[in-house]
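Colleague: return atomic coordinates for the entry below.
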Amino acid sequence: MESFEQNVGTIDRVVRVGIAVIILLFLVMRGKISFITAISLVAGGMLLSSATSGVCPLYTQLGIFTTKNG
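Modeller: Just a heads-up that it's a prediction; the model follows:
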């Protein structure tokens, strides 16, 4: 299994969690499932996942680091 170096800094992680929470709350309050809702749910989940793990696969591919070490 390949180990990924953390490439998402603290501020970036906090912003991702905030956006994910807003998206997820919007979906819950809306109460409808549509294509846009499904896409939004996936996007919110991806943001939350990368924020909690500190690793963004897109950043890895692009060579972007928002950490202090990068």
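
Colleague: residue 50 - nearest residue in space that isn't next to it in sequence?
Modeller: Leaving aside its sequence neighbours, residue 50 sits nearest to residue 56 (CB to CB, 6 or more residues apart in numbering; 4.4 Å). To be clear about C-beta, it is placed using only N, CA and C from the backbone, and glycine gets the same treatment.

Colleague: can you pull the contacts of the one you found?
Modeller: 7-8, 50, 64 (CB atoms under 8 Å, 6 or more residues apart in numbering).

Colleague: among those residues, which ones are buried?
Modeller: With burial judged by 16 or more other CB atoms under 10 Å, the buried subset of the contacts of residue 56 is 7-8, 50.

Colleague: sitting in helices, which of those do you find?
Modeller: Among these, the members falling in helices (DSSP state H) are residue 50.

Colleague: ok, so of the buried ones among the contacts of residue 56, who is nearest residue 26?
Modeller: residue 50 (19.3 Å; CB to CB).

Colleague: show the pLDDT at the nearest residue to residue 65 once chain neighbours are set aside.
Modeller: In space, and not counting its chain neighbours, residue 65 is closest to residue 7: 4.7 Å by CB to CB, 6+ apart. Residue 7 carries a pLDDT score of 83 in this model.

Colleague: with residue 58 instead?
Modeller: 87.

Colleague: can you pull the phi/psi pair for it?
Modeller: Phi and psi for residue 58, reported as degrees, to the nearest 10, are phi -70, psi -40.

Colleague: find the nearest non-adjacent residue to it, please.
Modeller: residue 64 (7.9 Å).

Colleague: how about the secondary structure of that neighbour?
Modeller: Taken by DSSP: H, G, I helix; E, B strand; the rest coil, the conformation at residue 64 corresponds to coil.

Colleague: that one and residue 4: what is the separation?
Modeller: Distance check for residue 64 against residue 4: by CB to CB, to the nearest Å, it reads 13 Å.

Colleague: look at the residue most central in space within the chain and report its pLDDT.
Modeller: Nearest to the geometric centre of the chain sits residue 47, at 1.2 Å (CA atoms, centre = their mean). With respect to pLDDT, residue 47 scores 89.

Colleague: which element is it on?
Modeller: If you go by DSSP states H and E, residue 47 is part of helix 35-53.
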